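>>> Following is a predicted model, sequence given first.
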Amino acid sequence: MVGDSLSAEYGIARGSGWVALLEQKLRAQHVDARIVNASISGDTTSGGRARLPALLQQHKPALVVLELGANDGLRGLPVPAAEDNLRSMIALAQKNQAKVLLVGMRMPPNYGRAYTDRFANMYKQLSTELKVPLVPFMLEGVAQEPANFQADRLHPLATAHPIILNNIWPQFAPLVKE
């Protein structure tokens with residue numbers, strides 16, 4: 001799992017985030033899998049791209065979940081740069097015999113329609129072009145309700161993480177079964 005604060009349990013108790021819940025769900029289903037959560041709060045696609053080669057070498061994963069881009073978007077960084085970073089990460093993971101699941105994000109409307117559309121379409125385009133499954137918006141059913149967020153209005157409360165897991169599971173489960 002290579003992600004940012006949304007996967008690194010920012011502001012919530014350790015073990016209550018969606019990645020920890022995923023590991024619990026796999027254990028409950030008797031799936032022998034080890035999850036390495038290499039998510040870092042504040043990480044961008046360029047940071048993930050820089051870290052990924054060492055992570056692949058160290059852990060030799062069968063599956064890489066990429067949940068990055070939110071910080072690129074919130075900083076207003078160019079969408080083509082984020083897209084290039086994600087494309088490189090997907091290609092590198094695949095070159096290392098790992099399946100990839102891409103987890104998408106959306107930007108708030110105050111970034112303007114052109115930027116938010118380009119940003120959301122980046123994930124769809126990469127998924128189609130590189131033939132990797134996509135979770136279009138990890139915060140579906142969470143973002144629409146302000147009560148799901150910590151005081152910063154960016155990071156979900158622990159109570160929202162089961163919803164996040166439910167958004168990711170339908171794309172994740174078939175990859176594990178393969």
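It's in.
>>> Do you know the pLDDT at the residue of the chain most remote from its centre?
Relative to the centre of the chain, the most outlying C-alpha is that of residue 30, 24.0 Å out, by Cα atoms, centre = their mean. As predicted, residue 30 sits at a pLDDT of 94.
>>> Would you mind giving the secondary structure of residue 175?
Of the three states, residue 175 takes helix under DSSP: H, G, I helix; E, B strand; the rest coil.
>>> er, residue 66 actually
Here residue 66 is recorded as strand under three-state DSSP.
>>> my read: it touches residue 38, true?
No - using Cβ atoms under 8 Å, residue 66 is not in contact with residue 38; the gap is 10.7 Å. No exception for glycine: its C-beta is placed from N, CA and C like everyone else's.
>>> quick one: common contacting residues for these two?
2-3 (Cβ atoms under 8 Å, 6 or more residues apart in numbering).
>>> partner residues bridging the spatially most central residue of the chain?
The centroid of the chain falls nearest to residue 67 when counting by Cα atoms, centre = their mean (1.7 Å). Beta bridges link residue 67 to residue 3 when assigned by DSSP bridges.
>>> Quick check: chain neighbours aside, which residue is closest to residue 14?
Once flanking residues are discounted, residue 14 sits nearest to residue 20: 7.6 Å by Cβ to Cβ, 6 or more residues apart in numbering.
>>> That neighbour against residue 12, yeah?
No - here residue 20 does not reach residue 12: they are 9.8 Å apart, not a contact under Cβ under 8 Å.
>>> For residue 73, grab the count of nearby residues.
Applying other Cβ atoms under 10 Å, we find 23 residues neighbouring residue 73.
>>> typo on my end, it should be residue 142
Residues near residue 142, counting by other Cβ under 10 Å: 20.
>>> Same check on residue 23?
Residue 23 has 17 nearby residues by other Cβ under 10 Å.
>>> what does the one 3 residues further on give?
Here the neighbour count serves as a burial measure; for residue 26 (other Cβ under 10 Å) it reads 17.
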